[in-house]
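[1] how would this look folded up:
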Amino acid sequence: MRYEEIKQLIDLFEETDLAEMELTRENDGLRLVRGNAGKAVSQPAAVAQPEIPDAPSLSDLQDIVASVQNGAREAMAGGSAVEAASDVQPEGEVVTAPIVGTFYAKPAQDKDPFVKVGDTVAEGDTLCIIEAMKFMNEVPSTVGGTIKEVLVQDGDFVEFGQPLFRIG
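    Just a heads-up that it's a prediction; the model follows:
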């Protein structure tokens, strides 16, 4: 796959409400997975998947994505309530992972977490540590406020840009 094709697929994925999209073509493969932001919306257990040809064009992929979205909406009971729920944005700022690595909520196993829900933090306060290649990287708060939600578990692998905390 060329860079331009990958960029177009990412842009297409971002325009949808799909949680995951995977494409395999000849010896190339691409898998896009949305972070934990879509956790609150329940997805149907099984959605009919359209058959994907060996080398789909971008317009074919757009049609496939639209087909999957329509099938998912039809499969959901009370689809309008689910769609309305996805439009509601939780209040507060989201602090995201600045690097890929392992999320640690505590400075050591026998210590308390840096922060927990309900704690007040100032901009620059350490929220957690992300271990990457044996380096412990402190993650500072980008805003001041109250921790509304911790979006990952201690020891979880996190990806760049993945939401970690919601601060209000």
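[2] next secondary structure after the helix or strand in which residue 12 is found?
    Assigned by DSSP states H and E, residue 12 falls within helix 3-15. Following helix 3-15 in sequence order, the next helix or strand is strand 20-25 (DSSP H and E).
[3] between the helix holding residue 12 and strand 20-25, how big is the angle?
    Helix 3-15 runs at 150 degrees relative to strand 20-25, counting by axes from the mean of the first three to the mean of the last three C-alpha atoms, to 10 degrees.
[4] counting contacts, what elements does helix 3-15 pack onto?
    strand 20-25, strand 28-33, helix 58-75 (3 or more C-beta pairs under 8 Å, 6 or more residues apart in numbering; DSSP states H and E). For every residue, glycine as well, the C-beta is placed using N, CA and C.
[5] and that helix, which residues are buried?
    Neighbour-count burial for helix 3-15 flags 5, 9, 12-13 (criterion: 16 or more other C-beta atoms under 10 Å).
[6] between it and strand 28-33, how many degrees?
    Going by the same axes, to 10 degrees, helix 3-15 makes 20 degrees with strand 28-33.
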